[in-house]
Structure formats: structure tokens, C-alpha cells
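Peer 1: the sequence isn't on hand, but the structure is:
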């Protein structure tokens, strides 16, 4: 009989595919897994969601509106806690997986003692500074979670260091970086090829929000008249406007390779701040699969991707890199390097390590239970 896992996501299942989606799909191959996720009225009404077809068993949580009112937020936290309590009683999980500290204070006291509680920290939620969750409440919830969690996973080294600084026991913390999902693409067309004389097109795939460095992109657009930026994804914050800055609606993960095929290279145009410095971008793994040259702002956490990425620090360095690739867009990495990197960085490989750690934890929990009965 398979072990049971209750998997709590903090994003709608219809959001562009991210770490929570990929890990849920992989873990469902080992566990009898049930996903609970928040149903997003606003993003659905705005057309920001996509169809993530999956056989993963999942249930939405419906909240009260409007969430801008303090009493509604309090009511929603109460309702969510009762929902999670009912889910624990019904599903009787051996493992409860939490993808955000927003669930911490609600779930920690309803998880049975013999159930392993897992906190998967994919981002530094305390640095988002936006949303319906009060920062002090979120910080307190995370403190409860890292104290009561049996296992804590962090998607980056910086995140791990911050969690330890916030009181997490280093012995129960493990870095599980982001990964690559889907099929490794094989193309006969030379990478970087494009019609001669046309505009130089740079693509981005991901959430379009306050962490995008529009100022740097506008600087490059003003200096290079044959340059275009194409951003694909849901828009959650005001964006800059320019005739050659194109915003495209979110598309499913399966359609990204087709969209990327029309771009000359890809970019990670983030502002460098505390939020971004803890990020291991999922999109870099996808970009490598697309067989495209990659530009990214430089920060320590992603310097390990140097064999595949052209880094910049300033607007001028970004412009210089684009100009250099405009002249010579030969791929920085070999086909062997690409395939080796993707095979070692797949979500399947990440999950192998996760299940090993969880298996050991469940064995120790079972041993304690037997000892207690004796």
C-alpha cells in the first residue's frame, strides 16, 4: 500500500507551471497524493491562467471575497484551517507537504504527531511585500512551520542560509534546487539561426511582475533600433510601454518550445534585490532546453550556471552583450553539455532525492511509534 501525501499548494493549479506543479506530478508516482490549491477568482477573470492537464488528484479551496478587507482575510484563514483539518482527517496522510509559509500556523497544530510535515521553501515569501497576507503574520507562520516541520527543503543555498538564520535546524534542512520538466528537445536546425536583416528578438517566459527590470530593457531598446523584447506570461504588475516591447499572454508549458523557436536568445531580466538573490530560476533550465543563448543579471546564486549563461551587471553590460550576440549568436554550450545538464537536473532526479529523504524520515517515525507502543 502506497504512503499518502497531502500536498498544499499556494498557487492555483492553472498558474503557469512551476516547482509545485512539477513536484506534485513526480511525487504522485510514489505517493497516494492529494493536492489542495487556492481557486483564484481574479486571475481566472483576467484570463491569466492556463490549462495544466494532469492526472494528479486535486481539490480547489474557495475563499470569500473581497480579500482586501481585514475581516474577510481573517475569515478566509479560519475557513482554510477548517478545510485543511478536514482533509487531514479524510486523507489520513503519512506526509503533509507545504509549499508556502502561509499554511504554517494553520496546519502545524492539526498534523498528527506520527505524520511527517514537510516545508518546501521555493522562494523567500517574506520578500514579496505584496499580497493579501500581512508580513508579520506570514513571518510568524513561517517560524511555526520551520520549528514543527520534520523536513525543510530550500530551492537555493541563499534560502537555506536565511531559514537557518530564522531558527531552522540545519540538520533537517536540505537544498533541492529547481529543475527541468518535459522532454529534452532535439532539433536539426542550428541554434541561434534567424532570417538575416530582421529584428533581433529576445524572449522571456515567466511571471511579468515588479521584479522585471523594465528600465534596463528600455535603455537597450532606445539604443538599438532593430531590437525587440517579447515577454510571455501572466502580468501581475504595471509594465513599461514601448513599440518594440511585446507582452504575450500566458501559455501552457508544452507550448513554450514552439514560442521560443522564433526568438534569437532568451533572457532573465530581473532586478537584483533580496527576493531575486534567493532565486534559482526555473526558466534557465527551460532556456537551455530551447538551445538558445541566455542573458541574465548576475548574482551569486546562479553563477553556477555560467557555462550556459551570459551575465551582465548593468544596463550598459546588457546592451554590450546583446550587441555581441547580434554579431555572433553561436551557442555558448555544446549539445553534450546541454543534454548532460538537463538529464542531471530533471524534476524526476530531484524527486529521487526527496523520496530518499522522506523514506528515511518515515522509517524513523515508524520506529518511534513502535517504541512508544512497547
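Peer 2: Yep, it's here. Note that the coordinates shown come from a computational prediction; the quantities given were computed from them, not determined experimentally.
Peer 1: how about the helices of this protein, start to end?
Peer 2: 19-27, 41-45, 70-91, 104-107, 135-148, 157-165, 214-223, 256-260, 282-289, 315-327, 335-344, 347-373 (DSSP state H).
Peer 1: and of the ones you listed, who's closest to residue 206?
Peer 2: Counting by CB to CB, residue 206 lies closest to helix 282-289 out of the helices of the chain; the figure is 5.2 Å. In short, each C-beta sits where N, CA and C put it, glycine included.
Peer 1: looking at the helices of the chain, which is closest to residue 268?
Peer 2: With CB to CB as the criterion, residue 268 lies closest to helix 282-289 of these, at 6.3 Å.
Peer 1: give me the angle between that closest one and helix 19-27.
Peer 2: For helix 282-289 against helix 19-27, the angle between stretch directions is 70 degrees (axes from the mean of the first three to the mean of the last three CA atoms, to 10 degrees).
Peer 1: what helices and strands are in contact with helix 282-289?
Peer 2: When contacts are defined as 3 or more CB pairs under 8 Å, 6 or more residues apart in numbering; DSSP states H and E, helix 282-289 sits against strand 200-205, helix 256-260, strand 265-268, strand 293-297, helix 335-344.
Peer 1: and residue 155, how many residues sit next to it?
Peer 2: Applying other CB atoms under 10 Å, we find 25 residues neighbouring residue 155.
Peer 1: mean pLDDT lowest for which of the helices of the chain?
Peer 2: When the helices of the chain are compared on mean pLDDT, helix 347-373 scores lowest, with a mean of 74.
Peer 1: re earlier: among the helices and strands packed on helix 282-289, which is the most enclosed?
Peer 2: For the helices and strands packed on helix 282-289, the largest average neighbour count (mean count of other CB atoms under 10 Å) is found in strand 265-268, namely a mean of 25.
Peer 1: neighbouring strands of it in the sheet, and parallel or not?
Peer 2: Each strand paired with strand 265-268, and its direction, by DSSP bridges: strand 200-205 (parallel), strand 293-297 (parallel).
Peer 1: if you average the pLDDT over the shortest one, what comes out?
Peer 2: Yep, that's strand 293-297 we're talking about. Confidence for strand 293-297, expressed as mean pLDDT, is 98.
Peer 1: now the first one
Peer 2: When the per-residue pLDDT values of strand 200-205 are averaged, the result is 98.
Peer 1: contacts for it?
Peer 2: Strand 200-205 is contacted by residues 194, 212, 224, 226-233, 256, 259-260, 262-269, 283, 286, 292, 295, 322, 325-326 when judged by CB atoms under 8 Å, 6 or more residues apart in numbering.
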